[in-house]
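Peer 1: here is the input, now give the coordinates:
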Amino acid sequence: METFSFNYPAAKKVMQRAHTGVVGSGDMEILLEPADSSKTVFNVRTASNGFQEIWKAVFERFIVSNDIDAIITINDFGATPGIVGLRLAQALEIANKK
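Peer 2: Alright, predicted model coming up:
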């Protein structure tokens, strides 16, 4: 089990909390909470050790168009980068619904 965090500057607000996915074989869950810190914080707990550079690349791609002021907690059980991107997009959509 590995735990790490990444922080990025952010400007966009989100409306509400969001939860997507489920921790299970080959999947992950994302918990997104609005913040008031002008940054996006990604807190990751993963069962797959040694992939921090891949996580960083996925987050940087997401942040380019979604610099949200939020705390994002990820509980991972071996999801692929494609699933990570999908779950982030789903959580953002839920967080911005009125």
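Peer 1: what pLDDT does Val84 get?
Peer 2: The score at Val84 is 95. That number is its pLDDT.
Peer 1: what about the closest residue to it other than its chain neighbours, helix or strand, and which?
Peer 2: Nearest residue to Val84 in three dimensions, chain neighbours excluded: Val58, at 5.0 Å (Cβ to Cβ, 6 or more residues apart in numbering). Using the backbone N, CA and C atoms, a C-beta is placed for each residue, glycine as well. Following DSSP states H and E, the helix or strand that holds Val58 is helix 52-65.
Peer 1: again, but for Phe4
Peer 2: strand 2-9.
Peer 1: right, and the helix or strand after that strand?
Peer 2: Heading C-terminal from strand 2-9, the first helix or strand you meet, by DSSP H and E, is strand 18-21.
Peer 1: name the helices or strands packed onto that next one?
Peer 2: Helices and strands in packing contact with strand 18-21 are listed as strand 28-34, helix 81-95; criterion 3 or more Cβ pairs under 8 Å, 6 or more residues apart in numbering; DSSP states H and E.
Peer 1: in TSV, list the ones you listed along with distance to Asn75 and mean neighbour count.
Peer 2: Below are these laid out as TSV (distance: least, Cβ to Cβ, whole Å; neighbours: other Cβ atoms under 10 Å):
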stretch	distance to Asn75	mean neighbour count
strand 28-34	5	20
helix 81-95	11	17
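Peer 1: and the residue sitting nearest the centre point of the chain, how far is that from Lys39?
Peer 2: If you average the C-alpha coordinates of the chain and look for the closest C-alpha using Cα atoms, centre = their mean, you land on Ile72, 4.7 Å from that point. Summarising the geometry, the distance separating Ile72 from Lys39, computed by Cβ to Cβ, to the nearest Å, is 11 Å.
Peer 1: cool, Val64 as well?
Peer 2: When Val64 is compared with Lys39 (using Cβ to Cβ), they lie 15 Å apart.
Peer 1: which of these two has more residues huddled nearby?
Peer 2: Shown here are Val64 and Lys39; by other Cβ atoms under 10 Å, Lys39 has more neighbours (15 against 9).
Peer 1: and that one, what does it touch?
Peer 2: In this structure, Lys39 makes contact with 7-10, 69, judged by Cβ atoms under 8 Å, 6 or more residues apart in numbering.
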